[in-house]
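Chemist: Compute the structure for the input listed below.
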Amino acid sequence: MTDLAPLDPHVRGELQAEWDHVPPAPPALRAARPAWLSPRVARTEVLAGLVVALALIPEAISFSILAGVDPRVGLFASFTMAVVIAFAGGRPAMISAATGAIALVVAPLVADHGLSYLIAAVILGGAFQIVLAVAGVARLMRFVPRSVMVGFVNALAILIFSAQVTHLVDVPWLVYPMVAAGLGIIFGLPRLTSAVPAPLVAIVVLTGLTVLAGWELPDVGDEGALPDSLPFLVLPDVPLTWETLTIIAPYALGVAFVGLMESLMTAKLVDDITDTSSDKTRESWGQGVANIVTGFFGGMGGCAMIGQTMINVKASGARTRLSTFLAGVFLLVLVVALGDVVSVIPMAALVAVMVFVSIATFDWHSLRTIHRMPRSETTVMLSTVAVTLVTHNLAIGVGVGVLVACVLFARRVAHVVEVERVVEGDTARYTVDGALFFASSNDLYTQFEYAQDPPRVVIDLSNAHVWDASTVAALDAISHKYETRGRQVEIVGLEGHSAARYERHSGQLAGSH
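Modeler: Sure thing, here's the model as predicted:
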């Protein structure tokens, strides 16, 4: 409010009275103000972005080496992915950058054809992601069961922890107390204050201690050279031919599917943590846009980073797009303008942060209740974890987990079908109850007394539903077997979609007889 003190007391009194009667801003107008304009929220978002940027640097360098490209390629990809997805994405506070999953997909392409083909594949992969988003791929997330999500989270935690082991082997003994001190700060500081993210305090304290004491410890600079210039627009230097398309298309599809799988799973995880919803379709095409932009700036592509997202959301308390945007901006500033400062950060500090993330990410409740869970649920969870750990690919692990869940569900539902037989005079009446599909219809064929039944057989499907052509083929086979024994068969009770499906396919399926 304007300072009224310099005015005449009488005038000041009148103006103050008028000011006191000014009504507050309408609720709708107050609600329209972005959440990050609040000083408290803005501080949290800024500090969270800084912590994520510091943690991104060594990982982006490592993923670049894994993909077989210069560290600049991974660092610039992390910058462009984070900044673009902050505007285009559908899940606020989620971090997207260069990832190990994408690096594994494109590494063979780089080894065989070089960086230009990688850039072309990333751009095409982004285009595929936009097409998949328009086709509604995000809606498939509702078919991912909870047991797969638990396996996904637990496998992620184990992978994050195992990735730190390389930084704890063949290192000076001082690394171990440094990591322990970092974990002590991260776990202990929130008990005293939450004004500053504990991971950031741990990084600053351990870095300052290392520099002041003059200790020779592995640091960020040992992971690879940091860039000294800004990213610039590039075009892939590849021939625009059918042969080029056949080379890059398989890798582009891999980038698209793996990227979307990890991004949508991460978005669902953040939804659960924050008790908010997100626009999965927007996130899908946003990932595509981010990868296209990244490709044109010479990046290696990327997707949502679960570890960094957990640092942002769980460890630092970020909730808005500002933290995602600033993570990318801070990353670029740190590696280009402050590269000399960043390079002296001890890896022990970042290892402590990532170990904390792995501990916080793991679903410990799933271990405590594993003996009370149904065997099928436990099998799905463990298969997701096992495949992910073997392949080091979360997308493959989730795919296998969903497949195992579907098989076990089909096996369980197949045994729900009941068949009741009643013989009255010259008629045997079978009443079928349950869902009939490829798994249950195979058992249905064996539940009839073909040799003992009287001349007329009625199969009542009033309480059943025909879901697929396999069931129609099974019904045709049952009818044919009775007819070969001189018995008359009548199928009754079909209604709606079941009747339409039966009429459309009956007698048309080769091999049903």
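Chemist: contacts and neighbour counts: CA atoms only from here.
Modeler: Noted.
Chemist: so how many other residues sit close to residue 272?
Modeler: By other C-alpha atoms under 10 Å, the residues close to residue 272 number 11.
Chemist: Am I right that it falls within a helix?
Modeler: Yes - according to DSSP: H, G, I helix; E, B strand; the rest coil, residue 272 belongs to a helix.
Chemist: Pull up the gap between it and residue 146, please.
Modeler: Distance of residue 272 to residue 146, given as C-alpha to C-alpha, to the nearest Å: 11 Å.
Chemist: ok, the closest residue to residue 331 other than its chain neighbours to residue 135 distance?
Modeler: Leaving aside its chain neighbours, residue 331 sits nearest to residue 53 (4.8 Å; criterion: C-alpha to C-alpha, 6 or more residues apart in numbering). As judged by C-alpha to C-alpha, residue 53 and residue 135 stand 34 Å apart.
Chemist: which of the two has more neighbours?
Modeler: Neighbours were counted for residue 53 and for residue 135 using other C-alpha under 10 Å; residue 53 has more, 28 against 11.
Chemist: which stretches of the stretch 351-500 of the chain form helices?
Modeler: 364-368, 375-391, 394-414, 438-444, 469-483, 496-505 (DSSP state H, counting those that start in this stretch).
Chemist: what's near enough to touch residue 249?
Modeler: Taking C-alpha atoms under 8 Å, 6 or more residues apart in numbering, we find residue 249 in contact with 121, 124, 125.
Chemist: give the contact list for residue 174.
Modeler: Counted by C-alpha under 8 Å, 6+ apart, residue 174 has contacts residue 217.
Chemist: Look at it and report its pLDDT.
Modeler: Per-residue pLDDT puts residue 174 at 92.
Chemist: cool, the one 3 residues further on as well?
Modeler: In this prediction, residue 177 carries a pLDDT score of 94.
Chemist: Where does it sit, in terms of helix or strand?
Modeler: helix 175-192 (DSSP states H and E).
Chemist: contacting residues around that helix?
Modeler: 168, 198-199, 201-203, 206, 217, 348-349, 351-353, 355-356.
Chemist: you'd agree residue 76 is up against residue 231?
Modeler: Yes - counting by C-alpha atoms under 8 Å, residue 76 touches residue 231, with 6.4 Å between them.
Chemist: ok, back up a step: tell me which of the helices of the stretch 351-500 of the chain sits nearest to residue 150.
Modeler: Nearest to residue 150, of all the helices of the stretch 351-500 of the chain, is helix 375-391, at 6.4 Å by C-alpha to C-alpha.
Chemist: Would you indicate which residues of the closest one are buried?
Modeler: Going by neighbour count (16 or more other C-alpha atoms under 10 Å), the buried part of helix 375-391 is 376-389.
Chemist: for the chain, what helix or strand is lowest in average pLDDT?
Modeler: helix 27-32 (a mean of 47; mean pLDDT, DSSP states H and E).
Chemist: Show me what the helix or strand following it is packed against.
Modeler: With elements assigned by DSSP H and E, the helix or strand that comes after helix 27-32 is helix 39-67. Packing partners of helix 39-67 (3 or more C-alpha pairs under 8 Å, 6 or more residues apart in numbering; DSSP states H and E): helix 71-88, helix 100-113, helix 198-213, helix 306-310, helix 321-336.
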